[in-house]
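# Next come a sequence and a model predicted from it.
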Amino acid sequence: MNNEETLRGIRRGIEKESLRALPDGGLALTPHPAALGSALTHPHITTDYSESQLELITGVHAGVDGVLGELTEIHQAVYRALGDERLWASSMPCGLPADETIPIGRYGHSNVGRAKSVYRMGLGQRYGRRMQTISGIHYNWSLPGVGTDGYLAAIRNFRREGWLLLYLFGASPALCESFVAGREHGLQRLSGRTLYQPHATSLRMGPLGYQSDAQARIAVSYNCLESYAASLQDALATPYPAYEAIGVQTPGGDYNQLSTSLLQIENEFYGTIRAKRVIRPGERPLHALRERGVEYIEVRLMDLDPFEPVGIGADAIRVLDAFLLHCLHGDSPADTPAEIAANARNQHRVAARGREPGLVLEHWRRGELPLADWAGEILAGCAVQAAALDAAHGGSAYRDALARVGRRLAEPALCPSARVLAAMARDFHDSHVAFIRHRSDAARAALLALPFPDALQRRFERLAADSRAEQARIEAADTLPFEEFRRHYVAPERMAV
């Protein structure tokens, strides 16, 4: 499968979430900037959970430089509309207000727009709004000639070995205590309002991050598409007692959530990687997968890198390409419930203690295995894929990137998580907010200093205007009452083929 033409056919895209923050490091509570267009319909600039949380979306690219170039341009356009606000450069949030005052995303008064907001209301009811303010990088990836079974095999291996990416790229070892106010957290106090774990790589991907005790009961297997789809459909269609107690609506008729099932919609299922398919207007993602199969995969465990102006750099992308090829071509036996549970324990162990000397993980075949030994084996497999990618593209960019990043295994101080803590100690009195505020300011200055041609400015102005017009068109075309729309959208039969 790894012939040079096929490797040159890799396609990738990036989605990057960032909170809008004030100069003092607090959360910006202003509405989505009008100059950025409609968050409902803009193809590149929307919001994630919160009205204060931007999501920037590139198109599909054949080259690493191309995807980073477009991501940079989107950032440039955004910064020209933010005034004194800046994009928070860390996955863990800035200073947060009381949970109920964190604003959820608003998308207008169309049925689809209202449904997006009600879904976010449900997330807040179920998990709290603070948890939803965590941000990250999502990396979408495809390779010509790979079908559903191939992508599912890669996903199984990714779930076994994806902890390595937390070690190499995790950049959230500390946080502001406002994120865990009123919660048990098990963190150590570093200074003032900064909490941390000394060997942590990614608190975002540990128990304090995107985790759900309720979802732990969903036994999702990636052995075949139908078993994956059936387990998700069960979670989407079966009422969950705690969410039934909340109810879909308040006695006064306001909406609490889209449904009382364990998952309101497919995207509520948390995972480090997802099987994806481009959907048609109004189509449920599960229906699209069942009818037309897996089209690409979405990697969801990458932290924002505060040392990169746009949150991710070329080395990380090239290592991801090599790692995903390694997952795709490695032996991928069927997963089991016991192995899936061990994978989760490995993820949490590396997230909380990844740089701890002598850390031991659970290998699915060989039992306990030192992280350093297992990581070395994975990197050796990635080196084979990096060499193939360089042969396809010419030069040595992939091997060079893997060599630079691979040094972090022998020298943990080179890991982004260690660099964050070192910079906090050296220059910011161990304050997480002060350090990230500085990195956010530096990224803002660097991006605003880049050339931004008039033609590019006009293009983004046109995209914003077109998105507002499209939102108005959608709102004018609505005919169903919202409750009828909601019932139809969550109906189980819409997920079947």
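Cool, the structure landed.
# How much space separates residue 195 from residue 186?
Remark: distance between residue 195 and residue 186 (Cβ to Cβ, to the nearest Å) = 9 Å. In short, each C-beta sits where N, CA and C put it, glycine included.
# and if you look at residue 457?
For residue 457, the distance to residue 186 under the criterion Cβ to Cβ works out to 48 Å.
# Next: residue 49.
24 Å.
# Show the contacting residues for the closest residue to residue 397 other than its chain neighbours.
For residue 397, ignoring the flanking residues on the chain, the nearest one in space by Cβ to Cβ, 6 or more residues apart in numbering is residue 318 at 6.3 Å. By Cβ atoms under 8 Å, 6 or more residues apart in numbering, residue 318 lies in contact with 64, 386, 389, 397, 398, 401, 402.
# CSV for those, including secondary structure, pLDDT and neighbour count?
What follows is the contacts of residue 318, written out as CSV (DSSP: H, G, I helix; E, B strand; the rest coil; pLDDT from 0 to 100; neighbours: other Cβ atoms under 10 Å):
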residue, secondary structure, pLDDT, neighbour count
64, helix, 98, 22
386, helix, 98, 27
389, helix, 98, 24
397, helix, 98, 17
398, helix, 98, 28
401, helix, 98, 24
402, helix, 98, 24
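# Adding distance to residue 330, write these out as a markdown table.
Output for the contacts of residue 318, formatted as a markdown table (distance: Cβ to Cβ, whole Å):
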| residue | distance to residue 330 |
| --- | --- |
| 64 | 23 |
| 386 | 15 |
| 389 | 16 |
| 397 | 23 |
| 398 | 18 |
| 401 | 20 |
| 402 | 16 |
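# Residue 246 touches residue 255, doesn't it?
No: here residue 246 does not reach residue 255: they are 10.8 Å apart, not a contact under Cβ atoms under 8 Å.
# If you count surrounding residues, which of the two has more?
Higher neighbour count among residue 246 and residue 255: residue 255, with 19 against 15, using other Cβ atoms under 10 Å.
# In contact with that one, which residues are there?
Residue 255 makes contact with 114, 118, 121, 248, 249, according to Cβ under 8 Å, 6+ apart.
# so which strand or helix has the second one?
Assessed by DSSP states H and E, residue 118 sits inside helix 111-127.
# which stretches of this structure aren't confidently modelled?
Applying pLDDT under 70 to the chain picks out residues 1-2, 210-211.
# List the first helix or strand encountered after the biggest strand by length in it toward the C-terminus.
Across the chain, the longest stretch assigned as strand under DSSP state E is strand 11-21. Downstream of strand 11-21, the next assigned helix or strand under DSSP H and E is strand 45-47.
# what lines up beside the helix or strand following that next one in the sheet?
For strand 45-47, the following helix or strand on the C-terminal side (DSSP H and E) is strand 53-57. When pairs are called by DSSP bridges, strand 53-57 turns out to pair with strand 11-21 (antiparallel), strand 45-47 (antiparallel).
# Which residue ranges of this protein form strands?
With DSSP E as the definition, the chain shows strands at residue ranges 11-21, 45-47, 53-57, 86-87, 137-142, 174-176, 188-191, 194-196, 273-276, 296-302, 360-363, 367-370.
# Could you pull up the contacting residues of residue 37?
45, 463, 464, 465, 466, 467, 468.
# most surrounded residue in these?
residue 45 (24 neighbours).
# Can you identify each of the helices in the stretch 251-400 of the chain by residue range?
In the stretch 251-400 of the chain, the segments counted as helices under DSSP state H, counting those that start in this stretch are 285-292, 314-329, 337-353, 371-393, 397-410.
# Not counting its own residues, what contacts the shortest one?
Here helix 285-292 makes contact (Cβ under 8 Å, 6+ apart) with 225-226, 229, 232-233, 236, 266-267, 275-280, 494-497.
# Okay, buried residues for it please.
Residues of helix 285-292 classed as buried under the neighbour-count rule (16 or more other Cβ atoms under 10 Å) are 285, 286, 287, 288, 289, 290.
# any idea which of the residues you listed is closest to residue 7?
residue 289 (25.5 Å; Cβ to Cβ).
# ok so, going back, out of the helices of the stretch 251-400 of the chain, the one nearest residue 164 is which?
Minimum separation from residue 164 across the helices of the stretch 251-400 of the chain (Cβ to Cβ) falls at helix 371-393, 5.3 Å.
# in the closest one, what's buried?
371, 374-375, 378-379, 381-383, 385-386, 388-390, 392-393.
# do stretch 98-114 as well
By neighbour count on 16+ other Cβ under 10 Å, the buried set for stretch 98-114 is 99, 102-108, 110-114.
# Rebuild these as JSON lines, extending it with distance to residue 17.
As requested, those are arranged in JSON lines below (distance: Cβ to Cβ, whole Å):
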{"residue": "99", "distance to residue 17": "19"}
{"residue": "102", "distance to residue 17": "14"}
{"residue": "103", "distance to residue 17": "15"}
{"residue": "104", "distance to residue 17": "15"}
{"residue": "105", "distance to residue 17": "12"}
{"residue": "106", "distance to residue 17": "17"}
{"residue": "107", "distance to residue 17": "16"}
{"residue": "108", "distance to residue 17": "21"}
{"residue": "110", "distance to residue 17": "23"}
{"residue": "111", "distance to residue 17": "25"}
{"residue": "112", "distance to residue 17": "21"}
{"residue": "113", "distance to residue 17": "20"}
{"residue": "114", "distance to residue 17": "22"}
